[in-house]
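Asker: I'll drop the sequence and a predicted model, then ask my questions.
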Amino acid sequence: KLTDGQFKNIFYDVSKEYPDITPEDYYIDAMNMYIITKPEAFDVVVTSNLFGDILSDGAAGTVGGLGMAPSANIGDEYGLFEPVHGSAPDIAGKGIANPTATILTGILMLRYLGEEKAANNVEIALEEVLERKLTTPDLGGSLTTYGMAQEVIKRLDS
């Protein structure tokens, strides 16, 4: 109650600087339900790292799972980029990890760095690979992690 209460108090104090935005708060279980059932209702979610991790996992379900969800934590001076799924140690080295979240995370980082053209090129290449099902088995394809990544790279080189 102490740390979450302090976070909530600071949230409402800072929200006064943004009168065009209506601040709302939810318990984590309800918020996870809303992020899954009506994700379009949220433009920005302000939360702690722990709750952000819970919400990002729930939100990943709306786009096909953890292998499809990129992540960016952007502060005043720096950005940190990682796929929502983390390192996936249980499948490390097996060649079955879906690289989509990692590639999408790279796209977010390119945009953050102002490399819009590069971001668009990678995004177009990835979309083509996904549309053609040149993917890992979890997405209906038969390629390895490396094979799918190579298909994206091939389209960047052409």
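Answerer: Done, it's in.
Asker: In contact with the residue most central in space within the chain, which residues?
Answerer: The chain has residue 70 as the residue nearest its centroid, 2.5 Å off, counting by CA atoms, centre = their mean. Contact analysis of residue 70 by CB atoms under 8 Å, 6 or more residues apart in numbering lists 81, 83-84, 101-102, 104-105, 107-108. From N, CA and C alone the C-beta is placed, and that goes for glycine too.
Asker: all helices of the chain, in order?
Answerer: Under the criterion DSSP state H, the chain contains helices at 2-15, 28-37, 49-60, 100-112, 116-131, 145-157.
Asker: how far out from the middle of the chain is the first one?
Answerer: Right, the one you point to is helix 2-15. 25 Å (CA atoms, centre = their mean, to the nearest Å).
Asker: Just give me the neighbour total for the closest residue to residue 79 other than its chain neighbours.
Answerer: Among residues not flanking residue 79 along the chain, residue 112 sits closest, at 4.8 Å (CB to CB, 6 or more residues apart in numbering). Residues contacting residue 112 under the criterion other CB atoms under 10 Å number 14.
Asker: gap between residue 112 and residue 55?
Answerer: Going from residue 112 to residue 55 by CB to CB, to the nearest Å gives 20 Å.
Asker: in stretch 143-157, what's buried?
Answerer: For stretch 143-157, a neighbour-count test (16 or more other CB atoms under 10 Å) marks 143-145, 148-149, 151-152, 155 as buried.
Asker: Contacts for stretch 139-150, please.
Answerer: With CB under 8 Å, 6+ apart, stretch 139-150 has contacts from 64, 67, 95-100, 103, 129-130, 133-136, 151.
Asker: Residue 42 contacts residue 35, correct?
Answerer: Yes. Counting by CB atoms under 8 Å, residue 42 does reach residue 35; the two are 6.7 Å apart.
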